[in-house]
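J.: Okay, sequence plus prediction incoming.
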Amino acid sequence: MKVKKDGVRPNVAKRILFVTEAFGGGVFTYLTELSNQLVNDFDICIAYNLRDQTPRDFESFFDPRVHFIRVNSLTRSISPSKDLRAFKDLKRIAEDYKPDIIHVHSSKAGVLGRLAFTGHYKKLYYTPHGYSFLMQDSFALKRALYWIIEKAVALTHSTTI
């Protein structure tokens, strides 16, 4: 692809990179609807990992023009080694795909994505779909830790939707 000196790609649709670890349930439905509506005007790529709730034939729910990149390191549980790997994987994906807009979904992808992309992309959006620190089935100490993490990452250059 030819890129002008100013970094603008001529005659190419703007690119949106969606990132989610929670590729099931409501987030899956949201991304399906959003991607299928936007694919006529944007080049869409979804960086994801599978969950038990992810339909086996998930790609059939999407317009065939939507691209997918599986990120095996992006897991629900906290794992410093996997989280560091996911952070690096997300940075590499963005460097390769060169999105104009990045939209991260759910708490885990929201934290890692906002840390990985802040300062590099002007259009960085976060949709939590539910904050981890509000989960009633978690211990109070765990919820407090999630709250601190969310507050700290909220200082990044991103817009919460």
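T.: Structure received.
J.: switch to C-alpha atoms for all contacts and neighbour counts from now on
T.: Fine.
J.: tell me which residues form a beta bridge with the residue nearest to G110 when sequence neighbours are not counted?
T.: Leaving out its chain neighbours, the residue that sits closest to G110 by C-alpha to C-alpha, 6 or more residues apart in numbering is V104, at 5.2 Å. For V104, the beta-bridge partners under DSSP bridges are V19, Y126.
J.: Hmm, A116 and V104 touching each other?
T.: No - counting by C-alpha atoms under 8 Å, A116 is not a contact partner of V104; they are 10.9 Å apart.
J.: neighbour count winner among the two?
T.: Set V104 next to A116 and count neighbours by other C-alpha atoms under 10 Å: V104 wins out with 26 against 19.
J.: Near L124, how many other residues are there?
T.: 22.
J.: sorry, that was for K98
T.: That count, for K98 with other C-alpha under 10 Å as the rule, works out to 15.
J.: what do you get for the one 4 residues further on?
T.: I102 has 25 neighbouring residues, counting by other C-alpha under 10 Å.
J.: pretty sure it contacts D43?
T.: No - when contacts are counted by C-alpha under 8 Å, I102 is not listed as touching D43 (11.9 Å).
J.: joint contacts of these two?
T.: Contact criterion C-alpha atoms under 8 Å, 6 or more residues apart in numbering; residues shared by I102 and D43: I16.
J.: Next up, the contacts around the closest residue to S106 other than its chain neighbours.
T.: Nearest in space to S106, with sequence neighbours left out and distances taken as C-alpha to C-alpha, 6+ apart, is P128 at 4.4 Å. The contact partners of P128, by C-alpha under 8 Å, 6+ apart, come to H105, S106, S107, G110, T160, I161.
J.: Return the subset of the residues you listed lying in helices.
T.: S107, G110 (DSSP state H).
J.: residue ranges with poor pLDDT in the protein?
T.: Counting by pLDDT under 70, the chain has low-confidence residues at 1-11, 129-136, 138, 143.
J.: can you give me the helices in it?
T.: Per DSSP H, the chain carries helices over the ranges 25-38, 80-97, 107-117, 140-153.
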